[in-house]
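[1] need a 3D model of the sequence below.
(chains A and B)
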Amino acid sequence: MPTLTINGRSMSVDAANDTPLLWAIREQLQMTGTKFGCGAGLCGACTVHVNGEAVRSCQTMVGDVAGKKITTIEGLSAKGDHPLQKAWVAEQVPQCGYCQSGQIMQAASLLAKNANPTKEEVVAHMDGNLCRCMTYSRIQKAIMRAATEMRTASAAGNERRPT
Amino acid sequence: MNQHVKNVTPETSDLSRRSFLVGTAATGLVLGYAGVPGIGEALAAAPANFEPSVWYAISPDGLVTVTCGKADMGQHIASTMAQIVCEELGAKWSDMRVNLASNDPKFNDPVLGAQITGGSWSTMMNFDAMSRAGAAGRMALTDGAAAAMGVPAGELAVRDSMIVHAKSKKQMSFADVVKSGKATKTFTPDELKAIKLKTPDQYTMIGVSVPQIDIPSKTNGTAKYGIDVMIPGMAYGAVVTPPVRYGATVKSVDDSDAKKVPGFIKAVTLDDKTQTTTGWVVAVANTYANAKKAAAALKVSYDGGPNAKVSSESLLEEAKRLQKLDDSGQFFVKDGDPAAALGTAAKVLEAEYTTSINIHAPMEPMNATAEFKGDILHIYSGNQFGTRSGAIAAGAAGIDPKFVVMHQMWLGGGFGRRLDADMMVPAVQAAKAIGKPVKVIYTRENDMTMDFSRPLTYQKVKAGLDGDGKLVALSHDVVSAWPTQRWGIPDFLSPSVDKKGPLDAFTVNGSDFFYTVPNHHVRAIKNEMAHNATPSGQLRSVAPGWTFWAVESMIDEVAIAAGKDPAQYRISLLDGAGKNDGGAQRLRNTLLAAMGLAGYGTKKLPKGEGMGVACVSSQERATASWTACVAHVAVAPSGEVTVKKLTVATDVGTQVHPDNIRAQVEGAALWGLSLAMYEKATLKDGGIEQTNFDGYTPLRMSQMPEVAVAVIANGEKATGVGEPAVTVVAPAIGNAIFNASGARVRGLPITAEAVKGAMKA
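    Residues are numbered from 1 along each chain as shown, chains lettered A, B, ... in the order given. Below you'll find the model as predicted:
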């Protein structure tokens, strides 16, 4: 039985190595925040992080991620209060909400590397994530809001550090 | 005995003839109409048996839970219902909760008498009933508080879940009154009707963009959709669907390879007496991954059936043949004599407009979980039409519909797709076959190829102008599959004007516009071949998505032929004469608002750029939100179109939640753009050719133009906002392309080739 490190916990899953990570997370571990959308890497609904990189869990096999650090929407923050999650609420982004776990995980991988993205960088990074309710403009706004918050927080942190 | 089953006999659905009860039950205060099955039991029930099952309930901790009988697919209707109740009840917004209703008839729509969500109807049809329910609750709580405090009820004020007596400085919370057990009151129908509701100037909740109750759960993965349902001991089903959309039969199933897949349980060939599906097999296994492997390993042979050779081309050919016949179809509009008027007109224009097959493709693929528990079949699935879908599930199980309990879930997109119940058939029959609960999940490929799609449509329009350029005649034929007739529910069909039997108005709505045209005919013609080969569904906005494409394109062509500005020409047609009085003026004003916001006609645009307008009375003539769009496009010599900006104005009467309206209107407008430019499905050998988001390509973030929205709230009754803006965008873009390049396009989606071809012509 492969062992997966998910959201900081080590868990063994009763799944063959060629099982898509998506289904191991959803069925074996019963964490259903990660969604199935297309099964072909075309929509981004199933996005999770593997070693900090956004990947499509429907295209990632369980056998390939053993020993790697996997993060799902449930593990993005302790209390659902990652700056992106707060911004998603502040901008009232979700309509049906089904794609939004994937959108948030995709956006989080951008902000982890680039806390000051341009609109073009946001679009380029997010274009693989479909939203059938077409909440794209609010997604953009929320990413910018979260980026601002993260920069402000880290600036405040920098100021405190010398003392 | 299951309480649900005991209560299924629907009594009169006319709430105006029922008393409204407020009473203290074991778990708090419950409020609902008398005669609504269940409320008597709820009020009388012993604590252990009580289910909070009426419209709303207040628990002893003061939380107000509104049960929403409407499917919530992202329009936040559950939150909106809570907001309407909250306004009249006087509760604090943070005390409000929502619950999704089962298919119990007591949650039926007060106007429609059934559980169905669509048509942008929910707010307009529930506003009054929910307001009165809220007000009745406030009055009962106030009377209870007055008795407890020993003060006159008339001296009490209610705000933020508190009932305050200013003179004595006494106060009680809703929770206190509920715990006191003193809030018990019955309203006769007349008393309920006589309740004086707040006037708009008294609103403190309606018109306020409160935080949507469901949103936090949709940012942390906790919102539960149908696909997330987990039942102990359940198995998973993957469906194998035939290469033909409809009409195939299974000749044989060879499961010898499937048996080698670990966890494989059984292959079940569906015996669907409801005829919702044809030729489907479901592979059942212990996990979904294994079910999919088993499905791939099944060797199924088919008889393709009568539609196995049908293609998009043959559907269009058949539509053209039918339109040419004099006795085709039925009349939806029959004003004056267009044939005669066209005969004497100074100028006659004639054009054909087409739209392609379109697929709903909500992000959550179709799914359902079925569990037989004793006599009861439990279905877990997000669905828009509980009343009919429960009957389909029952049909698939071979039981009476009263034994089906539908557990509503959040919908990962609906757009009309989840009005259907096909996903329940394999779940029910697989669960029955293996004696365990089964969750069936469509692959995206199943979902795309087995959609109840927006049908391919063909429209022929003839317009006649008099010597002054005035539009004197319009003859409009609409040929399509009939999505709503497929339901087999006579109440959803409309009588034809020429008394040739009922027609499916959901194929022609919108063509009965608010322009004054003295001679105007609309024929609804059913394309039987399309109806059989591509069973169609209701896709966000339904008929106005194609009728306004034809009407609003032709009005532009007429204006150009008359040498007039297309926007000014529309304004002159919206004179409000006769039956158009009221609506025409509102539509005119909305068009003017959109023109103003877009700066229409205020400056010269660069070469290759243009603006086009369209205005619509969508969804239906009787339930319109007046909506107008100005599209600003750039057209390259190659025919490539860039939509630079969409400006949409909509008159919604009263806005319950301004921010949500903007979200809905923007989403709808982008849907309109997506359908106009990016989405096309085709039929070949009876099957849909596009199988995933590589072949069928809804709008992505990089394709999004600037969108400006103006919401007009003029104090008229609240109307719907989920759909109208879908319908106005395609014609506005088509008209803008003409304005920019002189190329007139008449087919959706608009392609660079079509634009370039039209430029040369």
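
[2] what's the spacing between the residue nearest the centre of chain A and chain B?
    Central residue of chain A (CA atoms, centre = their mean): residue A:105, 1.3 Å from the mean position. The gap separating residue A:105 from chain B is 10 Å, by CB to the nearest CB, to the nearest Å. To be clear about C-beta, it is placed using only N, CA and C from the backbone, and glycine gets the same treatment.

[3] so which strand or helix has that residue?
    Take DSSP states H and E as the rule and residue A:105 turns out to sit in helix A:100-113.

[4] quick one: contacts for residue B:174?
    B:58, B:62, B:64, B:91, B:95, B:141, B:161, B:162, B:163 (CB atoms under 8 Å, 6 or more residues apart in numbering or on different chains).

[5] pLDDT weak spots in chain A?
    For chain A, applying pLDDT under 70 flags the ranges A:157-163.

[6] now it against chain B: closest residue?
    Using CB to the nearest CB, residue A:33 is the residue of chain A that sits closest to chain B, at 1.8 Å.

[7] was I right about that residue contacting residue B:220?
    Yes - the criterion here is CB atoms under 8 Å, and residue A:33 meets it with residue B:220 at 7.0 Å.

[8] still on that earlier bit, ok, and the closest non-adjacent residue to the residue nearest to the centre of chain A?
    With CB to CB, 6 or more residues apart in numbering or on different chains as the measure, residue A:47 is the residue that lies nearest to residue A:105, at 4.3 Å, once sequence neighbours are left out.

[9] neighbours around residue B:589, how many?
    Under the neighbour criterion other CB atoms under 10 Å in any protein chain shown, residue B:589 is assigned a count of 18.

[10] ok so, going back, ok, how many other residues are close to the residue of chain A closest to chain B?
    So residue A:33, with other CB under 10 Å, has 25 neighbours.

[11] give the burial count for the nearest residue to it once chain neighbours are set aside, as a bare number.
    Nearest non-adjacent residue to residue A:33, counting by CB to CB, 6+ apart: residue B:221, 1.8 Å away. Residue B:221 is flanked by 25 other residues according to other CB under 10 Å.

[12] all strands for the stretch 1-150 of chain B, in order.
    B:20-25, B:28-33, B:56-58, B:64-68, B:96-100 (DSSP state E, counting those that start in this stretch).

[13] picking that back up, contact partners for the residue nearest to the centre of chain A?
    Residues A:47, A:48, A:49, A:54, A:71, A:72, A:73, A:76 are the ones in contact with residue A:105 under the rule CB under 8 Å, 6+ apart.

[14] surely residue B:72 touches residue B:214?
    Yes - between residue B:72 and residue B:214 there is a contact at 6.7 Å, judged by CB under 8 Å.

[15] so which residues on the stretch 301-450 of chain B come close to chain A?
    Within the stretch 301-450 of chain B, the positions lying close to chain A (CB under 8 Å from any CB of the partner chain) are B:361-365, B:410-415, B:441, B:443-445.

[16] does residue B:205 touch residue B:87 like I think?
    Yes - the pair residue B:205 and residue B:87 passes the contact test of CB under 8 Å, sitting 3.9 Å apart.

[17] and the two? which has more neighbours close in?
    More crowded of residue B:205 and residue B:87, by other CB under 10 Å: residue B:87, with 25 against 22.

[18] residue B:510 versus the more buried one, what's the distance?
    Distance of residue B:87 to residue B:510, computed by CB to CB, to the nearest Å: 32 Å.

[19] could you chop chain B up by domain?
    Using automatic domain parsing, the domain ranges for chain B come out as B:3-218, B:226-306+B:366-441, B:313-357+B:453-760.

[20] okay if I get these as JSON lines plus distance to residue A:19?
    Listed next are the domains of chain B as JSON lines, based on distance: least, CB to CB, whole Å:
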{"stretch": "domain B:3-218", "distance to residue A:19": "27"}
{"stretch": "domain B:226-306+B:366-441", "distance to residue A:19": "5"}
{"stretch": "domain B:313-357+B:453-760", "distance to residue A:19": "20"}
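
[21] turn those into a markdown table, including mean pLDDT.
    Formatted as a markdown table, those follow (pLDDT from 0 to 100):
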| stretch | mean pLDDT |
| --- | --- |
| domain B:3-218 | 80 |
| domain B:226-306+B:366-441 | 97 |
| domain B:313-357+B:453-760 | 97 |
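
[22] closest to residue A:144 out of those?
    Comparing the domains of chain B against residue A:144 with CB to CB, the closest turns out to be domain B:313-357+B:453-760 (13.4 Å).

[23] closest point of the stretch 51-200 of chain B to chain A, which residue?
    residue B:74 (3.2 Å).

[24] about what we covered before: give the residues shared as contacts by residue A:33 and residue B:220.
    A:73, A:74.

[25] now the biggest helix by length in chain A and helix A:100-113, what's the angle there?
    The residue-count maximum for a helix in chain A (DSSP state H) belongs to helix A:136-160. Here the directions of helix A:136-160 and helix A:100-113 differ by 40 degrees (axes from the mean of the first three to the mean of the last three CA atoms, to 10 degrees).

[26] list the buried residues in helix A:136-160.
    A:136-147, A:149-150 (16 or more other CB atoms under 10 Å in any protein chain shown).

[27] how far away from the center of its chain is it?
    Relative to its parent chain, helix A:136-160 has a centroid offset of 16 Å by CA atoms, centre = their mean, to the nearest Å.
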